[in-house]
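pasting the sequence and the predicted model now:
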Amino acid sequence: MQHNAQEPHASLPGVVFAAGESPLFALDDSVRILQRRPIGHYRVPTYLRGKVGTVVQIITPVGIDNEEEGFGRDAGVKLHYYRIAIPMNELWPEYSGSPRDGLRIEVYETWLERV
Amino acid sequence: MHESNEHGHPHAEISHTERPGYYEIMETAVRELLVEKQLIGAGEIRRQIEVLDSRTPALGAKIVARAWLDPDFKARLLENGRAGCEELGISFYDDTGLIVLENTEKVHNLIVCTLCSCYPRPVLGLPPDWYKLKPYRSRAVSEPRAVLAEFGTIIPDDVEIRVSDSTSMVRYLVLPRRPEGTEGFTEEQLAALVTRDAMIGVIPANSPAAENAP
């Protein structure tokens, strides 16, 4: 498995990709981490749910939905993880450090929505 | 194994007297079942322990020192951390990815796993206890500058702090800044300046002056 910052696919004219093969979000897209509250151990820390960030890297290749897999369900197709940048100010309104300080985290595609 | 204090200092006999906890019992039960069903053997368990024991911060220090000396290697390492490490013969037995985070005069990186204890084990071995405990995990993402100050690391306000929170797929390794006064150092000399904590991002790499201090 490789993880890098390259665009995942160079497309050849005429070749059609199946749903999920190409990333849904692009670099610099503004995205919100969904505000879900499923019961159990999920891979998106609760302090980030509902927060808005920016896609700074598309993790390739696609990965399995390990939350589904972790609960013993067939995880089905693979999707992308995205490295998201979120300013500390967005997370903590009283943050006292530099306004440039930020957080980075990889979030699975199913946990993101376009802003 | 000597049980007395023949080696010069007295201490209590090393033994387990407490009852095992819930998860310890569960681990033993699952392990015994897996062995009994012949899904894994004792040799495989021992082999995995040997794999873990073979991974220490010395590997990470070698990667950092090589990156300081070889700009092409550093570029490949920053492009794909895992491939860069594999190039040096370090395997990723847990099939995780690796993002190498370069500290510069404008950016300081810090790594944490708020969910549990994700850590770049293939290149650093087991994490320190404080990395796995809640005070570090919760404070690293909410007041990183205060946490760093407690490690003696003061980051100027004009330097951006980036905290990377590991989830399940990707691990991080901080590439510290090369200390001043290390021109002409060999890879081994440079690696000796790179500690585990510097690759977590809580301190800088040691300076050669401090190394030689009495």
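Yep, it's here. Residues are numbered from 1 along each chain as shown, chains lettered A, B, ... in the order given.

average pLDDT for the longest strand along chain A?
Longest strand in chain A, counting residues (DSSP state E): strand A:52-63. The average pLDDT within strand A:52-63 is 94.

what comes up buried for the next helix-or-strand element following it?
Per DSSP states H and E, strand A:52-63 leads on to helix A:66-70 as the next helix or strand towards the C-terminus. Across helix A:66-70, burial judged by 16 or more other Cβ atoms under 10 Å in any protein chain shown covers A:Glu67. No exception for glycine: its C-beta is placed from N, CA and C like everyone else's.

so which other helices or strands are in contact with the helix or strand just after helix A:66-70?
On the C-terminal side of helix A:66-70, the closest following helix or strand by DSSP H and E is strand A:79-87. If contacts are counted by 3 or more Cβ pairs under 8 Å, 6 or more residues apart in numbering or on different chains; DSSP states H and E, strand A:79-87 sits against strand A:30-33, strand A:52-63, strand A:102-108.

ok, B:Tyr93 to chain A distance?
12 Å (Cβ to the nearest Cβ, to the nearest Å).

now the helices and strands packed on strand A:79-87 in CSV, with distance to B:Arg46 and mean neighbour count?
Output for these, formatted as CSV (distance: least, Cβ to Cβ, whole Å; neighbours: other Cβ atoms under 10 Å in any protein chain shown):
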stretch, distance to B:Arg46, mean neighbour count
strand A:30-33, 41, 17
strand A:52-63, 30, 20
strand A:102-108, 33, 24
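
count the residues that sit near B:Asn103.
Residues lying near B:Asn103 (other Cβ atoms under 10 Å in any protein chain shown) number 20.

determine the longest helix present in chain B.
helix B:22-36 (DSSP state H).

hmm, it in reach of chain A?
No - Helix B:22-36 stays clear of chain A (Cβ under 8 Å from any Cβ of the partner chain), getting no nearer than 14.3 Å.

C-alpha coordinates for that helix, PDB please?
The C-alpha coordinates for helix B:22-36 follow below in PDB (Å, rounded to 0.1, in the frame of the first residue of the first chain):
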ATOM      1  CA  TYR B  22     -10.700  -8.600  32.600                       C
ATOM      2  CA  TYR B  23      -8.800  -7.900  29.400                       C
ATOM      3  CA  GLU B  24      -5.900 -10.000  30.400                       C
ATOM      4  CA  ILE B  25      -8.100 -13.000  31.000                       C
ATOM      5  CA  MET B  26      -9.900 -12.300  27.700                       C
ATOM      6  CA  GLU B  27      -6.500 -12.100  25.800                       C
ATOM      7  CA  THR B  28      -5.400 -15.400  27.400                       C
ATOM      8  CA  ALA B  29      -8.700 -17.100  26.500                       C
ATOM      9  CA  VAL B  30      -8.700 -15.900  22.900                       C
ATOM     10  CA  ARG B  31      -5.000 -16.800  22.500                       C
ATOM     11  CA  GLU B  32      -5.500 -20.300  23.900                       C
ATOM     12  CA  LEU B  33      -8.500 -20.900  21.700                       C
ATOM     13  CA  LEU B  34      -6.700 -19.800  18.600                       C
ATOM     14  CA  VAL B  35      -3.800 -22.100  19.400                       C
ATOM     15  CA  GLU B  36      -6.100 -25.000  20.300                       C
END
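
name every strand pairing with the longest strand of chain A and say which way it goes.
In the sheet, strand A:52-63 lines up against strand A:30-33 (antiparallel), strand A:79-87 (antiparallel) (DSSP bridges).

next, format those strands as a markdown table and append distance to B:Ile90 and mean pLDDT.
Listed next are the strands paired with strand A:52-63 as a markdown table, based on distance: least, Cβ to Cβ, whole Å; pLDDT from 0 to 100:
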| stretch | distance to B:Ile90 | mean pLDDT |
| --- | --- | --- |
| strand A:30-33 | 32 | 98 |
| strand A:79-87 | 22 | 96 |
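
distance to B:Leu110 added to those, as TSV?
Formatted as TSV, the strands paired with strand A:52-63 follow (distance: least, Cβ to Cβ, whole Å):
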stretch	distance to B:Leu110
strand A:30-33	20
strand A:79-87	14
